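Trainee: dropping a prediction and its sequence here:
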Amino acid sequence: MKKRGFWVITVLMTVALLGVFVMQLYYIREAYNLKSQLFDEQVNQTLTSVVNKVQRLNAADRISRKDIENKVKRSQDKRQRELDIKDLKQQFAEASEIRQAERENEIENYLNQQDSLIRNRFSSPKVISEVEFVSLSPGGGAKLDLQMEAFIDIKNYALRGLSLRSKPYTSNTKTFDFRNAQTLPDTIRYQVFEPSTGKPLFVTLPKISDDLEKKFKREDAIAKRQLNYKISALGKDTISFKNGYNLLEDVAKEMTEKNIPLNQLHTISLDLNTTALSKGMHVLGIRFMNENNTWGHAEYRSFYVNNILDSLTGIVAVEYYFGDSIPAFGEGLPVSI
């Protein structure tokens, strides 16, 4: 009985020890799984943190590049706008000179036309200065030197005619000619004589008629408005963004864009890391997608990876020789890299 009880106790203790051992193995496995999960979480957190930092650095770099591009474009637009405004003002000045020449011609024609009317209406007309006009006016104290011609009948000494003139007049020449340098007052004054009575008179002629003056002012106003309109059409010295433009959204879209237009390939780094490639010949395939989202035929470029190329810089092309051919005896195959 004692021996049997001993064996029973021994078996029970063995079972208990096995149970404890199994429980320890279970706890060890759970602890390992827990530590593995914690390690994975830590690794994921670390990788996520690194990725976020890289993304932030990449975004900051792209934002800086965009800001520099905007500043350069703003500077170029401002400089171009200044040049355009300078050209417009130069054109405006040239057009003003042309208008002034045309106006002088119109004024000359107007004055000569009025001068012809005055000379047809009165006798011995003479253009006088303002000083002469004041002196010849009543109370001026000046004497009028006249040349008189009387026609008398010698039989009965009867007066048949009388001619008065202060200066000989030739009607073949123009009184006003703007091709010669001259300064005219705003009001041109004539000393004339009444043909029937010989009475001296004064006739005033404005340099520019009211109609011509209104016409010139209207032309100047139109030219000035056209200049201001053209300058305003150039826009302000700032970049005109689209409505709702957001620099961060534009950068985020650019970072997630897969199909990059050819004119934006400068934003992609095309440097190839050949350190991970094995020594020997390799083929690089290049193909492009058109505007219909259809891939074209691929073009292939072969290149050779050799340790000797890793230590050389400034290489733009490599000539490869296949088989037994060498540069001294065979033809090479130049391949750009």
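Mentor: Arrived safely. Just so it is clear, the model here is predicted, and its values are computed rather than measured.
Trainee: mind checking the SS state of Lys126?
Mentor: When classified by DSSP: H, G, I helix; E, B strand; the rest coil, Lys126 comes out as strand.
Trainee: give me the nearest residue to it, chain neighbours excluded.
Mentor: Spatial nearest neighbour of Lys126, chain neighbours left out: Gln191 (4.7 Å); criterion: C-beta to C-beta, 6 or more residues apart in numbering. Quick note: C-beta positions are derived from backbone N, CA and C, even for glycine.
Trainee: and the one you found, how far from Lys73?
Mentor: Per C-beta to C-beta, to the nearest Å, Gln191 is found 70 Å from Lys73.
Trainee: any low-confidence regions in the stretch 51-200 of the chain?
Mentor: Along the stretch 51-200 of the chain, segments meeting pLDDT under 70 span 130-131, 133-151, 153, 157, 159-182.
Trainee: how about the helices in it?
Mentor: With DSSP state H, counting those that start in this stretch, the ranges of helices along the stretch 51-200 of the chain come out as 130-136.
Trainee: for it, what spans make up the strands?
Mentor: Taking DSSP state E, counting those that start in this stretch, the strands of the stretch 51-200 of the chain run over residues 123-128, 147-153, 158-165, 187-193, 200-206.
Trainee: ok, back up a step: which one's more surrounded, Gln191 and Lys73?
Mentor: Neighbour count, other C-beta atoms under 10 Å: between Gln191 and Lys73, Gln191 has more, with 20 against 11.
Trainee: test my guess that that one contacts Pro125.
Mentor: Yes. Gln191 is within contact range of Pro125, at 7.2 Å (criterion: C-beta atoms under 8 Å).
Trainee: now for Lys207, how many residues are close by?
Mentor: There are 15 residues near Lys207, going by other C-beta under 10 Å.
Trainee: ok, Val192 next?
Mentor: Using other C-beta under 10 Å, Val192 has 19 neighbouring residues.
Trainee: ok, it - contacts?
Mentor: Neighbour list for Val192: Ile118, Arg121, Phe122, Ser123, Ser124, Pro125, Lys126, Pro200, Leu201, Phe202, Val203 [criterion: C-beta atoms under 8 Å, 6 or more residues apart in numbering].
Trainee: give the bridge partners for it, please.
Mentor: Under the criterion DSSP bridges, Val192 forms beta bridges with Leu201.
Trainee: and Ala31, what does it touch?
Mentor: If a contact means C-beta under 8 Å, 6+ apart, then Ala31 has no contacts.
Trainee: how many neighbouring residues does Gly19 have?
Mentor: 10.
Trainee: what about it, which helix or strand?
Mentor: helix 2-121 (DSSP states H and E).
Trainee: that helix vs strand 187-193, what angle?
Mentor: Put simply, helix 2-121 runs at 10 degrees to strand 187-193, going by axes from the mean of the first three to the mean of the last three C-alpha atoms, to 10 degrees.
Trainee: next one: the closest residue to Lys199 other than its chain neighbours from Gln114, what distance?
Mentor: Spatial nearest neighbour of Lys199, chain neighbours left out: Phe193 (6.7 Å); criterion: C-beta to C-beta, 6+ apart. According to C-beta to C-beta, Phe193 stands 18 Å off from Gln114.
Trainee: what bridges to Ala158?
Mentor: Beta bridges link Ala158 to Asp153, judged by DSSP bridges.
Trainee: dump the contacts of Val192 to CSV, plus distance to Gly235.
Mentor: CSV is the format used below for these (distance: C-beta to C-beta, whole Å):
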residue, distance to Gly235
Ile118, 55
Arg121, 59
Phe122, 61
Ser123, 66
Ser124, 65
Pro125, 59
Lys126, 60
Pro200, 66
Leu201, 62
Phe202, 58
Val203, 56
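Trainee: could you flag which of the residues you listed are buried?
Mentor: For these, a burial check counting by 16 or more other C-beta atoms under 10 Å picks out Ile118, Phe122, Ser123, Ser124, Pro125, Pro200, Val203.
Trainee: the fourth one against Tyr190, yeah?
Mentor: No. In terms of C-beta under 8 Å, Ser124 does not count as a neighbour of Tyr190; the distance is 10.0 Å.
Trainee: overlap in contacts of these two?
Mentor: Common neighbours of Ser124 and Tyr190, using C-beta under 8 Å, 6+ apart, do not exist here.
Trainee: contact partners for Thr204?
Mentor: Thr187, Ile188, Arg189, Tyr190.
Trainee: closest to Ile63 among those residues?
Mentor: Thr187 (70.9 Å; C-beta to C-beta).
Trainee: looking at it, that closest one is touching Pro206, isn't it?
Mentor: Yes. If you go by C-beta under 8 Å, Thr187 and Pro206 touch, sitting 5.9 Å apart.
Trainee: out of those two, which sits in the busier spot?
Mentor: The neighbour comparison of Thr187 against Pro206 (other C-beta under 10 Å) goes to Pro206, with 15 against 11.
Trainee: what's the spacing between the more buried one and Pro185?
Mentor: When Pro206 is compared with Pro185 (using C-beta to C-beta), they lie 10 Å apart.
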